[in-house]
Structure formats: C-alpha cells, structure tokens
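Engineer: Show me how the following folds:
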Amino acid sequence: MADPPPTTFAPGSVKPAAGLADVSLVSRLTRLNLWVLSMTLVLCFGLIATSSWLASRERQARAAELGAEQLVNSLAPMLVFDDRNALQADLLAFSRRIDLVEVQVLGAPMCCAGWEVTSLH
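Structural biologist: Down below sits the predicted model:
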C-alpha cells in the first residue's frame, strides 16, 4: 500500500464551519464574556436581594417580639390590680405604633381589653 500524498493547505483554503463563517473569534469571545458577566451580575443581585430580605424579615420579627414583651411587662401590674382604666389608657398609647394591627388582653374569665386597627395604611 502506498502512503497518501501529504496534504498541504494554501493560505485561505481552510474555511471555518458553515455557522461560524461570519463571526470572528474576537466577537465570539466578547459575546461569551458579556454573557458570563451578565449571569454573574444577575446571580449576585439575586443573592444580595435575598439576603437583605431575610435580614429585614428577621429584624421585623425581633422588633415585634420586643414590642410584645414590652406590652406584657407594662400590662402585668394592671391585670394583677384589675385596673381596667389604666389598661385601656396603656393600650391606647401602645396603639400609636404603625406596625400594630390588633391587641387583645385576656384575663379571667373573659377579654378585659382590646384594640383593633380601623384602617390599614
């Protein structure tokens, strides 16, 4: 068997694949670079937005717990001494918070005081 003759290519005789004929390597790499950069930007934005949302939700939950503890500590003596007028006055003062929707103070044997928001802002 005879070896096939060596193949030599003349400059310009090698053509790229049909779909990539019009696109240069620089433009393909630039397009790939922009795609990776935009995906990284979208991913970072999503992660920052999610972490900010989770942190603010945690802060709001903690603030609600602290407000409830403060209200319980201030209402306990009024319940012990059965002072309904002071209880209503304290609830009225506490109701000025913008994040409050409803408060009910339950004593024996029924609800002894309450406050509910009339319209949400």
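
Engineer: Which strand or helix spans residue 104?
Structural biologist: Take DSSP states H and E as the rule and residue 104 turns out to sit in strand 102-106.

Engineer: centre of the chain versus the one helix or strand residue 38 maps to, how much separation?
Structural biologist: Element membership of residue 38, judged by DSSP H and E, is helix 25-80. Helix 25-80 sits 4 Å away from the centroid of its parent chain (CA atoms, centre = their mean, to the nearest Å).

Engineer: what packs against that helix?
Structural biologist: For helix 25-80, the elements it packs on are helix 84-94, strand 102-106, judged by 3 or more CB pairs under 8 Å, 6 or more residues apart in numbering; DSSP states H and E. Every residue, glycine included, has its C-beta placed from N, CA and C.

Engineer: Dump these to TSV, plus distance to residue 41 and mean neighbour count.
Structural biologist: Shown next, in TSV, are the helices and strands packed on helix 25-80 (distance: least, CB to CB, whole Å; neighbours: other CB atoms under 10 Å):
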stretch	distance to residue 41	mean neighbour count
helix 84-94	45	15
strand 102-106	43	13
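
Engineer: Dump those to TSV, plus mean pLDDT and distance to residue 50.
Structural biologist: What follows is those, written out as TSV (pLDDT from 0 to 100; distance: least, CB to CB, whole Å):
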stretch	mean pLDDT	distance to residue 50
helix 84-94	84	33
strand 102-106	76	30
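
Engineer: To residue 36, which of those lies closest?
Structural biologist: Across the helices and strands packed on helix 25-80, residue 36 has its closest neighbour in strand 102-106 (50.8 Å, CB to CB).

Engineer: In its sheet, which strands sit next to that closest one, and in what direction?
Structural biologist: strand 111-116 (antiparallel) (DSSP bridges).

Engineer: Could you tell me which ranges of this structure sit under the pLDDT cut-off?
Structural biologist: Applying pLDDT under 70 to the chain picks out residues 1-21, 107-121.

Engineer: Try it again at 50.
Structural biologist: For the chain, residues meeting the criterion pLDDT under 50 lie at 121.
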